[in-house]
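Enquirer: fold the following, please.
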Amino acid sequence: MDMSSKRKIRVLVAKPGLDGHDRGAKVVARALRDAGMEVIYTGLHQTPEQVAEAALQEDVDVVGLSILSGAHMTLVPRIKELLNERQLGAVPLLVGGIIPEEDALALKQSGCADRVFTPGDPLESIVSYIRDRCI
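Expert: Okay, the predicted model is just below:
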C-alpha cells in the first residue's frame, strides 16, 4: 500500500511546564509537516493533564515533548502516567530539549520516554524514528 492511501502520521508536539521558549519545537513541527506528517502543536505552558488530554482528543500516533526548563524528570513521568490512564501507553513518547545524558538514560530505562533527542540531533533522525515506529 502506498503512503498516499494511508492516514498521515499524527504527532502531538507539546511544551509542558513553565518553559517559554518554543523555537525548537516549532522547527521540529515544521520538519515533521514537511515530511508529510500531521502536527498538532499545543503551544506554551501546557500542564501534563492538558498534554495527555490533547493526545487523547486528537487521536495521535506519537507524543513529542519539548522541555528546556530542567523539569523533565518530573514532567515526563507524570505525562506518561496520564497517557497510561487514558489507555495511550503504547503511543510513543518522545522528549526533546536540554536533557543531560544520565537523565535521558533514566527516562528511557524507566519506560517514561521511548526516545530522547537533544539539540545536536539532526531533524531527519526525528523524522526517521517516527516513521520507523509508525509505518
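Enquirer: what are the buried residues along stretch 96-114?
Expert: G96, G97, I98, I99, D103, A104, A106, L107, C112, A113, D114 (16 or more other Cβ atoms under 10 Å). Bear in mind the C-beta positions are built from the backbone N, C-alpha and C, glycine included.
Enquirer: closest to D59 among these?
Expert: Using Cβ to Cβ, D114 is the member of these that lies nearest D59, at 18.3 Å.
Enquirer: can I get the buried residues of stretch 96-114 in a markdown table with pLDDT, distance to V11 and secondary structure?
Expert: Output for the buried residues of stretch 96-114, formatted as a markdown table (pLDDT from 0 to 100; distance: Cβ to Cβ, whole Å; DSSP: H, G, I helix; E, B strand; the rest coil):
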| residue | pLDDT | distance to V11 | secondary structure |
| --- | --- | --- | --- |
| G96 | 97 | 12 | strand |
| G97 | 94 | 16 | strand |
| I98 | 92 | 21 | coil |
| I99 | 96 | 19 | coil |
| D103 | 98 | 23 | helix |
| A104 | 98 | 20 | helix |
| A106 | 98 | 24 | helix |
| L107 | 98 | 19 | helix |
| C112 | 98 | 18 | coil |
| A113 | 98 | 15 | coil |
| D114 | 98 | 13 | coil |
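Enquirer: helix, strand or coil for the most centrally placed residue in the chain?
Expert: Centre of the chain computed as the mean C-alpha position; nearest residue by Cα atoms, centre = their mean is G64, 0.7 Å away. At G64, secondary structure determined by DSSP: H, G, I helix; E, B strand; the rest coil is strand.
Enquirer: now swap in A29 and tell me
Expert: Relying on three-state DSSP, one would call A29 helix.
Enquirer: so who does it touch?
Expert: V11, V13, V39, Y41 (Cβ atoms under 8 Å, 6 or more residues apart in numbering).
Enquirer: which of the residues you listed ranks first by neighbour count?
Expert: When those are compared by neighbour count (other Cβ atoms under 10 Å), V11 ends up highest, at 27 neighbours.
Enquirer: I figured the residue nearest to the centre of the chain was touching A14, is that so?
Expert: Yes. With contact defined as Cβ atoms under 8 Å, G64 reaches A14; the gap is 7.0 Å.
Enquirer: cheers, nothing more for now.
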